[in-house]
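1. I'd like to go over a predicted model; first the sequence, then the structure.
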Amino acid sequence: MLLNRISVSALVLVVGSLMLLTTHAKAQSLRDPTLPGQGYVAVSSSIAPKQAMVLNSIVNGQRAYAVINNNILSVGDTVSGIGLRVTAIGQDSVTLSDGRKLQLFQSITER
């Protein structure tokens, strides 16, 4: 009877130890999902993304001026850092040489 209790206790001890070891081994094999995968290579593009342009304001008078990216421009001027020319300045919009049209927010133009 004592022999059976010792062997059962030893078996429980061995099984418990094996369970702890396998749990520890599984925990080590898990990979952080936020890390890049193996063979990850950073690729840099030589093509610059389109810069965001913000039409801050328009001043209409004898001559129209537009403030784009905090720079004061008139028709024919080039937007610095982008290389596009201002082709037209309207009441609430500016047209650029590539055909893009920058528009003021509706809340600014309504009174």
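-> Thanks, I have the structure now.

2. lowest mean pLDDT among the helices and strands, pick that one out for this structure.
-> helix 106-109 (a mean of 58; mean pLDDT, DSSP states H and E).

3. A helix includes M19, no?
-> Yes - checked against DSSP: H, G, I helix; E, B strand; the rest coil, M19 lies within a helix.

4. residues contacting it?
-> Shown in contact with M19 (CB atoms under 8 Å, 6 or more residues apart in numbering): no residues. Using the backbone N, CA and C atoms, a C-beta is placed for each residue, glycine as well.

5. relative to L13, how far out is it?
-> 11 Å (CB to CB, to the nearest Å).

6. so who does the residue lying closest to S93 once chain neighbours are set aside touch?
-> Sequence neighbours aside, Q103 is the residue nearest to S93 in space, at 4.6 Å (criterion: CB to CB, 6 or more residues apart in numbering). By CB under 8 Å, 6+ apart, the residues touching Q103 are L55, D92, S93.

7. doesn't I58 make contact with the second one?
-> Yes - with contacts counted by CB atoms under 8 Å, D92 reaches I58, the gap being 6.8 Å.

8. would you map the strands across this protein?
-> 55-59, 65-68, 71-73, 86-89, 93-96, 101-103 (DSSP state E).

9. same question for the third one: list its buried residues.
-> If I follow you right, that is strand 71-73. L73 (16 or more other CB atoms under 10 Å).

10. which helices and strands sit right next to it?
-> strand 65-68 (3 or more CB pairs under 8 Å, 6 or more residues apart in numbering; DSSP states H and E).

11. and if we set it to 10 Å?
-> strand 55-59, strand 65-68 (3 or more CB pairs under 10 Å, 6 or more residues apart in numbering; DSSP states H and E).

12. buried residues of the first one, list them for me.
-> Think strand 55-59. Buried-residue list, strand 55-59, by 16+ other CB under 10 Å: L55, I58.
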